[in-house]
Every structure is written in structure tokens, then in C-alpha cells.
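S.K.: the following comprises the amino acid sequence and a computationally predicted model.
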Amino acid sequence: MKTLNKLLVANRGEIALRVMRTAHKLGLATVAVYSDADAHAPHVRFADEAVRLGPASSAQSYLNVEAILRAAKLTGADCLHPGYGFLSENPDFAQAVMDAGLTFVGPKPAAIRAMGLKREAKALVAKRGVPLVPGFDGGDQSTALLETKAMELGLPVIFKPSAGGGGKGMKIARKPEDLREAIESGRREAQGAFGDPTLIIEKYLQRPRHLEIQLLGDEHGNVVHLFERECSIQRRHQKVVEETPSLALTPESRAQMGAAAVEVAKAIGYTNAGTVEFIMDSEGHFYFSEMNTRLQVEHRVTELVVGVDLVELQLRVARGEPLPFKQEDLKQRGHAVQVRLYAEDPANGFLPSVGPVHDFHVHEVGGLLVDSGIESGGEVSMHYDPMAAKLIAWGEDRNDATGRMVRALEGLSVQGLTTNRSFLTRLLQHPDYLAGYLHTGFIEEKMGALLAEPKSPARTKLCAVAATLAQHLTRQAADPYLPQVLSGFRNNRFMEQFAEYENGARVEYRAQGQQRFLIDGETWQVISWEAPALTLVSPEGLRQRVRVVSAEGKLFVHSRLGDEVLVEKPRFPAATDSAVKGGFMAPMPGKVVKVLVKDGDAVKAGQTLLVLEAMKMEQATRSPTDGVVKQVLVREGDQVTAGQILVVMNEP
Ligand code: ADP
């Protein structure tokens, strides 16, 4: 058995923190690595030591093998955990780590390699009798052949990067005329994200469920499974909500799926933690989809239900210890659900949202775990994945776990960034979700209901009152001369003060002493104001907690009824600014990967003008109407900033 003393975590954000916490529990020292964008990030401050890798871009930092190995050498780390994403499934990296004399906390390079390419992995598991979705994964990658094979399989089909992961670059073709664009853009994204343009084709199953089995193997030939996770709630093939146990399995099918997964692991002599993914059709048949040879984002739900710490077990296995349990010792207890909080704007096509985090506050709920890479005063940068945090709730049964999660989401305040928080709240309360009618197209199918942020006059009023009173109390506290005297007192005790907001809300108020305020003839009372937490009592007597942050000239308000961002109206009208009419702006910083029009082109409504890449995702800019392109202001390869004009259209 090996002794491990110091762990380098070659990752960032919530997973780096999560791994380091367990390392400390086992008595290991920790080393963080970071890019310039993360110099002040939580994982860097948490670690015992930290080493800079390079500039912000992933390629120069978290994917920079040489710099990571240098950091290990500098700090004397004797083992390395890759987290997920970045280099976690790169067999050459695992090998390089071992060659440098470190213990790689993960499977052997050969096992990673065997599963790294979807094409090769499928061939391998087929030999073991594990069922596969009908598809094509031949070597000839000509567009013509891929088109023919897709037609033979029958549409719809899905094209996947063979080297892919994380749902990136997958394209569905439903009609013959979609095939070419699906193949070409799939290839482009595959090359960009994974450095390999090879695509495989699968028959696209209708309304399937995504289930996966958590595995753990030691160096002594033992492999166990830790049951399933259901990850059917996805958007664009990226998981959004995960849970265990799955309502789709019976004790028998659970045992079958578990045995199939163990079979896959044994086929490649798998050690450490891994996950075998399956898709299940509406009749309950399941098919191997791929194996992820690393820790998964959603591993926490398994931990809560099985009662283990998977990172601890990974470290123990890496030390050469045998697994501390046998298959028959493992049981599922209760139910756990995880949501991924993404920095994105559901109401605006789920556009990633980057920028400063003015408030990140979790309200205590029993049975809740929060893994967060962001914090108040921090920042979400455009360079990395838009997942900001994950929340995991446990309960005796599915209702308890879901209920706890909804409470947690309602109490969660994330200000400055737009997130999918309220979208998730509606999702978890959707009757079909509660009834367990899950499939991978669930979000797409219910999008209308999930996006509908109901107008709430009560919320608008509460947020406007809270913002106004918080501002008032802040001004009052800042007055060094008369802290005890009511604001407005010196001018005219009985004069109304007011604040007016761009959303139309206007709050006229009069301080009445003892933190009471008369608003619209009714009395509100402030119980406490410790920025940003405000507790106030409504005229009806309802006492509630609200959070108010003032930043960027805006007031960000969080309440149980929902969030509002308020902008105070200037008392004098501002000069009108000169917006470019009839143009297209970059909605966020990114890179132009394709320009599809030129000056003078006539375009149809819905036509793609250009394609941007931001946060590793392609975003098509489409024309909402028919029109004529006046001028294209960018070229392929250009880096653009948010708000930069890309294309100017002729006025109709
Ligand atoms: P990745 O490695 O990028 O995560 P996967 O092969 O695991 O890709 O697929 C991710 C998701 O895409 C699945 O969970 C499922 O929702 C969807 N998917 C994949 N293959 C199919 C298919 N053949 N039919 C329908 N949906 C599929």
C-alpha cells in the first residue's frame, strides 16, 4: 500500500473544492492550480498551496500538461486528481502524470483509452453482449457516406463526436435536408472541442430516458456498482437535474443494468470510479451509450443515497486499499436529487451569462449540500463552463427530496448574473416531473410552461419597497451627524420621499419612526437591515426576508416571490444614446467561427448570418425578418466583446 501525502487537483471551481475537502479529511495536503482568471477563486484560497498555470484560456492553463506537471514538481505533490472535464479523460495526461512519478487518482491510462472513443468503446462492449443502439461507426467519414448511412438507419438520427463528452457537438437530423449541416457543424464542433472530427451515427430514440450506473473498482480485482442515477432532464443533451433512485427501474432491471455495467468494467480491467451510461427506450429496453472514466458532476446523489464519499474511495483505491464493502453490503436509502445552477438566461435562449457575482447566498434547508465554485464578490468568466454551482437535496422519498430542493432554490440568491434558478424551481414543480414522466426531451417539450415567469404584482411591489427602504436605511446609516434622526426630518417631517424605477414602480414613503414607514397609506416595518439582508413586515403582517444588493447602478432584489433588478429612474431625462438601428450585436464575448453572409446579401427570416462560439458552445445569429445585409463588420476568427456590432442590416 502507498502513502499519499499531497494531492494536486488539476481543475477549478466547485469540483476542485469538493475534492480538496475530502483530501483534507484523509489528512492529505492540497495544491490548487489556477489560470489568471481564477487568481482569487475560492479553490485557490482553500488549498494549502497554489500555483499559477498561465493565462485565462483553458488551453494555456487547465489543459496545459507541462505547466501542471511543473506545479506538481514545485510543490512536491505525490498524487493528482483530475476532477471532471479538462484533462480528466485524457489517457496521455494520466500516463504523463504517472511517468512524472505521481499517483493518478483515476483509472489506468489503458482503460481511459479503451473508453475514450465512442466508436471503439461500442465495439468492445458489444463483444460482451451488452446491447447497443443501432447505428453506424465505420471508418469512412465522407459526408456522402455518412448521409447514406443515416438514411439507411432511418431518420431521425443523432451524430455524435466519437471523442466527445458532455453532450457537446451532438446534432440531430430529422429531415434529409438537415443532414449536411448536422454533419458539417458536428464535425466543426468535434474538432474544436475534442481535436477529432470523427462522428458516429445512432438512431435517435424517441423520448428515451438516460440512466447510468456508478462503478468502483479496486486494484485487487473487485468491482461493485453503486446503483443508478437518472439524468433524463437535459437541455441540448446536457444534464440539468439528476436523481437516484430512478422511477424507471424495478429491483430486477436495476440488478440487470448494474450487472451489465460491471461487465463493461471487467472487460477493461477498470479501477477507481467510473460510470456506464445507458439510454432506455419507452419499453424499458436499455442500451449502452458510453462509459465515463472519471468522477461525474452528479456523483453526489449517489453519495447521499448509498452513504459513501466517492472521492474518499477514489483516494483509498489510489493508495492500493481494497474496497471496504462487497456488492451485497450496498443499499439505497432515501432519495436524492441534484440541480445544476447554470449562469445562463433561460428567457433569452439560455444565453450564457458572464460577469461579477454580487450576491451568492444559500438559505439553510435540512438535507442540502451545495457545491459551489462562485461566491459573493466573485465572477463567472467566459472562459469556462457556465455551471456555477450544484445543489443536492436528500429526503426519505422523492417528494421530500424534491420539496427540499424547491425550498432551497426559492431561498437561493444569486445576483448580478442571470441564472436558471427560477426555471429550475418551475421544472421541479411541474406535474409531469412530480409524476415521474421523464424523458430526455422533457425540457424541450414543456419549454413554454417552464419559461413562463408569471407576472406578479405582489413581487414587483415587495421588491420595489425593499429596494427603496434598503437604500433609505443605507443613506441614513451613512449620515454621520444625525444617525438617530429620521431621514427627511430636517426638510419637512411630513414630506413624502419617493423612488421611481424603470419598471414603472414608484414608492412614496414617509418615515414614521421605529423603523416604520407609511407607503400608499399602509405601514411597513423593517425588522433588520444588515446589508444585503433585509427583514421586513408587510402591512398584512407577513414577515419576510429579502436581499438587496446595490451594484452597477442597479438594485438586485431577491425575495421568495422571485427576483427583480431595479434601476432607479434619473430625476432628469438622460440624453438619448445613439444605438445602431437594424444591426446585430454580439450578446456576449466570444469568437466568430463562421460568417455565412456578405455585404449586399438578401436574407430570409430565420437564416443564419454567422456563428459565434462562446463558453464552448456555438450560437447562431439568425435574422428575425427578411432583409438585406448592409455591412458585415467581423471576420471568421475574430474575438468579439459583448455588445459589439457584428452585422448591419439595411433599414426595410
Ligand atoms: P456525451 O458523451 O456527449 O455525454 P452521450 O452519448 O452520453 O454523449 O449522450 C448524451 C445524451 O444525448 C443522452 O443522455 C441522451 O439524452 C442523448 N442521446 C444520446 N444518444 C441518443 C440516441 N441514440 N437517441 C436519443 N437520444 C440520445
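M.R.: Perfect, I can see it now. Residues are numbered from 1 along each chain as shown.
S.K.: residues near residue 614, how many?
M.R.: 22 (other Cβ atoms under 10 Å). Just so you know, the C-beta spots here come from the backbone N, C-alpha and C atoms, and that holds for glycine as well.
S.K.: dump the residue contacts of the closest residue to it other than its chain neighbours.
M.R.: If the residues on either side of it in the chain are set aside, residue 614 comes closest to residue 590, at 3.1 Å by Cβ to Cβ, 6 or more residues apart in numbering. Residues in contact with residue 590 (Cβ atoms under 8 Å, 6 or more residues apart in numbering) are 382, 612, 613, 614, 615, 619, 639, 640.
S.K.: distance check, the fourth one against the ligand.
M.R.: Using Cβ to the nearest ligand atom, to the nearest Å, residue 614 is found at 19 Å from the ligand.
S.K.: for that residue, give me the pLDDT.
M.R.: Listed pLDDT for residue 614 reads 76.
S.K.: and residue 138, by the same measure?
M.R.: Residue 138 is given a pLDDT of 79.
S.K.: pretty sure it is touching residue 149, no?
M.R.: Yes - between residue 138 and residue 149 a contact is recorded at 7.3 Å, counting by Cβ atoms under 8 Å.
S.K.: for residue 393, which three-state class applies?
M.R.: Judged by DSSP: H, G, I helix; E, B strand; the rest coil, the three-state class of residue 393 is strand.
S.K.: just checking, it touches residue 405?
M.R.: Yes - using Cβ under 8 Å, residue 393 is in contact with residue 405, at 4.1 Å.
S.K.: the residue nearest to residue 614 bridge partners, please.
M.R.: Beta-bridge partners recorded for residue 590 (DSSP bridges): residue 640.
S.K.: still on that earlier bit, show me the common contact partners of residue 393 and residue 405, please.
M.R.: 337, 368.
S.K.: list phi and psi for residue 359.
M.R.: Main-chain dihedrals, residue 359, degrees, to the nearest 10: phi -150, psi 130.
S.K.: burial measure for it, as a count.
M.R.: Neighbourhood size, residue 359 [other Cβ under 10 Å]: 21.
S.K.: quick check: it vs the ligand, distance?
M.R.: 32 Å.
S.K.: which residue is the nearest non-sequential neighbour of that residue?
M.R.: Using Cβ to Cβ, 6+ apart, the closest residue to residue 359 is residue 415 (3.9 Å).
S.K.: contact partners for the one you found?
M.R.: Applying Cβ under 8 Å, 6+ apart, the residues contacting residue 415 are 357, 358, 359, 360, 532, 547, 549, 551, 556, 558, 563.
S.K.: how near is it to residue 461?
M.R.: 19 Å (Cβ to Cβ, to the nearest Å).
S.K.: could you check the pLDDT of the nearest residue to residue 158 once chain neighbours are set aside?
M.R.: Distances taken as Cβ to Cβ, 6+ apart place residue 204 nearest to residue 158, at 4.5 Å, with adjacent residues excluded. Per-residue pLDDT puts residue 204 at 94.
S.K.: please tell me I have it right and residue 204 contacts residue 154.
M.R.: No - using Cβ under 8 Å as the test, residue 204 is too far from residue 154 to be in contact (9.5 Å).
S.K.: tell me which of the two has more neighbours.
M.R.: residue 204 (20 against 10).
S.K.: near the ligand, which residues of this protein are found?
M.R.: 133, 158, 160, 164-168, 170, 202-205, 208, 210, 234, 237, 277, 279, 289-290, 440 (Cβ under 6 Å from any ligand atom).
S.K.: now list the buried members of those residues.
M.R.: Among the residues of the chain next to the ligand, the ones that count as buried by 16 or more other Cβ atoms under 10 Å are 133, 158, 160, 164-166, 168, 170, 202-205, 208, 210, 234, 237, 277, 279, 289-290, 440.
S.K.: which residues does residue 588 contact?
M.R.: 351, 352, 353, 354, 382, 614, 615, 642.
S.K.: give me the low-pLDDT residue ranges for the stretch 101-250 of the chain?
M.R.: Of all residues in the stretch 101-250 of the chain, none has pLDDT under 70.
S.K.: average pLDDT across stretch 277-292?
M.R.: Stretch 277-292 comes out at a mean pLDDT of 94.
S.K.: centroid residue for this structure?
M.R.: Nearest residue to the geometric centre of the chain (Cα atoms, centre = their mean): residue 387, 2.6 Å.
S.K.: next one: phi and psi at that residue?
M.R.: Dihedral angles (degrees, to the nearest 10) for residue 387: phi -70, psi 120.
S.K.: what about the helices in the stretch 401-550 of the chain?
M.R.: With DSSP state H, counting those that start in this stretch as the criterion, the stretch 401-550 of the chain has helices at 421-429, 431-435, 442-445, 447-451, 457-478.
S.K.: got CSV for those, with mean pLDDT and mean neighbour count too?
M.R.: Listed next are the helices of the stretch 401-550 of the chain as CSV, based on pLDDT from 0 to 100; neighbours: other Cβ atoms under 10 Å:
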stretch, mean pLDDT, mean neighbour count
helix 421-429, 97, 20
helix 431-435, 98, 13
helix 442-445, 97, 18
helix 447-451, 96, 14
helix 457-478, 93, 19
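S.K.: how about the ones you listed in JSON lines, adding distance to residue 25?
M.R.: Below are the helices of the stretch 401-550 of the chain laid out as JSON lines (distance: least, Cβ to Cβ, whole Å):
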{"stretch": "helix 421-429", "distance to residue 25": "30"}
{"stretch": "helix 431-435", "distance to residue 25": "35"}
{"stretch": "helix 442-445", "distance to residue 25": "36"}
{"stretch": "helix 447-451", "distance to residue 25": "38"}
{"stretch": "helix 457-478", "distance to residue 25": "40"}
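S.K.: now residue 259, what's its secondary structure?
M.R.: helix.
S.K.: what do you get for residue 93?
M.R.: helix.
S.K.: tally of neighbours for it?
M.R.: Residue 93: 23 surrounding residues under other Cβ under 10 Å.
S.K.: how about it, what does it touch?
M.R.: Applying Cβ under 8 Å, 6+ apart, the residues near residue 93 are 65, 82, 87.
S.K.: ok, back up a step: list just the nearest of the contacts of residue 590 to the ligand.
M.R.: residue 615 (15.9 Å; Cβ to the nearest ligand atom).
S.K.: you'd agree the closest one is up against residue 352?
M.R.: Yes - between residue 615 and residue 352 there is a contact under Cβ under 8 Å: 4.5 Å.
S.K.: find residues that contact each of those two.
M.R.: 382, 386, 588.
S.K.: and the gap between the nearest residue to residue 474 once chain neighbours are set aside and residue 358?
M.R.: Excluding its sequence neighbours, the residue lying closest to residue 474 (Cβ to Cβ, 6+ apart) is residue 531, at 6.8 Å. To residue 358, residue 531 is 11 Å away according to Cβ to Cβ.
S.K.: shared neighbours of the two, anything?
M.R.: In contact with both residue 531 and residue 358: residue 549, using Cβ under 8 Å, 6+ apart.
S.K.: of the two, who's got more company?
M.R.: The neighbour comparison of residue 531 against residue 358 (other Cβ under 10 Å) goes to residue 358, with 21 against 14.
S.K.: apart from its neighbours in sequence, what residue is nearest that one?
M.R.: In this structure, residue 358 finds its nearest non-sequential neighbour in residue 416, 3.8 Å apart by Cβ to Cβ, 6+ apart.
S.K.: ok, that neighbour - how many residues close by?
M.R.: Neighbours of residue 416 (other Cβ under 10 Å): 25.
S.K.: read off the pLDDT value for it.
M.R.: 94.
S.K.: contacting residues for it?
M.R.: Residue 416 neighbours (Cβ under 8 Å, 6+ apart): 355, 356, 357, 358, 359, 549, 551, 552, 556.
S.K.: same list, those residues, but as a markdown table with secondary structure, distance to residue 74 and pLDDT please.
M.R.: Listed next are the contacts of residue 416 as a markdown table, based on DSSP: H, G, I helix; E, B strand; the rest coil; distance: Cβ to Cβ, whole Å; pLDDT from 0 to 100:
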| residue | secondary structure | distance to residue 74 | pLDDT |
| --- | --- | --- | --- |
| 355 | strand | 33 | 91 |
| 356 | strand | 31 | 94 |
| 357 | coil | 31 | 96 |
| 358 | coil | 35 | 97 |
| 359 | strand | 36 | 97 |
| 549 | strand | 39 | 97 |
| 551 | strand | 38 | 94 |
| 552 | coil | 39 | 91 |
| 556 | strand | 41 | 97 |
